[in-house]
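Peer 1: Show me how the following folds:
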Amino acid sequence: MSHYYINDKNLKDNEAFFDVQVDGTSFRFYTNDGVFSKRDFDFGSYLLIKSALGLGTFSTVIDMGCGYGPIGIIYSKFNNDAKVYMYDVNLRALDLARKNMILNNVSNAFAFESYLFEKVEVKADLILTNPPIRAGKSVIFKLYEDAYKHLNENGVLLVVIQRKQGAPSTMEKLKSIYNNVEVIEKKGGYWIISAAK
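Peer 2: Here you go, the predicted model:
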């Protein structure tokens, strides 16, 4: 069975697209087999980007586990002065992310291959992630630990996670690393957790 957080060269090509509106702005995203949420913009990611946009502006942003790019691209569109660095291990997803940047006329976002933060060389004021829950708790917790090292002073990690998929344990883990951790939104079983350095 294939997972969106790995590279599977045996996947068939089944490209599709969907349209979505965020705060009155329309976006179109190309997707394909082997990427997360290929049929629509999943609700957790929608809550995450809405919460991120409500926090104000940040100069440097990382979208970790960007998939085909909706979170980073939407953030970039609403914050033209920000530099948004998008990372994923899935090469098919990254190809789609680059295509979606062009499609949505975004020039301040950049997509790179990296397993978690292994190849990340920048530090950010804001890190956004809808973590790959199915990869397991050890992977997710490593993401949280490494995110801390890649935040500037007073930087913020913003995480979306469902309560039934480990939101309470994520809260405890984040509290062991970050200075200020709080749930800033709860809706439909999803929690948006802010962790400030």
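
Peer 1: Tell me if I'm right that Asp40 and Asp19 touch.
Peer 2: No. Judged on CB atoms under 8 Å, Asp40 makes no contact with Asp19 at a distance of 9.6 Å. Heads up, the C-betas are built off the backbone N, CA and C, glycines and all.

Peer 1: So for these two, which sits in the more crowded spot?
Peer 2: Per other CB atoms under 10 Å, whichever of Asp40 and Asp19 has more neighbours is Asp40, with 14 against 10.

Peer 1: hmm, who's touching stretch 120-129?
Peer 2: 48-49, 52, 55, 58-65, 71-72, 75, 85, 87, 112, 114, 143, 147, 150-152, 154-160 (CB atoms under 8 Å, 6 or more residues apart in numbering).

Peer 1: Keeping just the C-alphas, turn the longest strand anywhere in the chain into PDB.
Peer 2: Ranked by residue count and defined by DSSP state E, the top strand of the chain is strand 151-162. The C-alpha coordinates for strand 151-162 follow below in PDB (Å, rounded to 0.1, in the frame of the first residue of the first chain):
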ATOM      1  CA  LEU A 151      12.300  28.800  14.500                       C
ATOM      2  CA  ASN A 152      13.700  32.300  15.100                       C
ATOM      3  CA  GLU A 153      13.400  33.700  18.600                       C
ATOM      4  CA  ASN A 154       9.700  34.200  19.500                       C
ATOM      5  CA  GLY A 155       8.800  32.200  16.300                       C
ATOM      6  CA  VAL A 156       5.600  30.100  16.300                       C
ATOM      7  CA  LEU A 157       4.800  26.500  15.200                       C
ATOM      8  CA  LEU A 158       1.200  26.100  14.200                       C
ATOM      9  CA  VAL A 159      -0.100  22.500  14.100                       C
ATOM     10  CA  VAL A 160      -3.400  21.000  13.100                       C
ATOM     11  CA  ILE A 161      -4.300  17.600  14.500                       C
ATOM     12  CA  GLN A 162      -7.500  15.700  15.300                       C
END
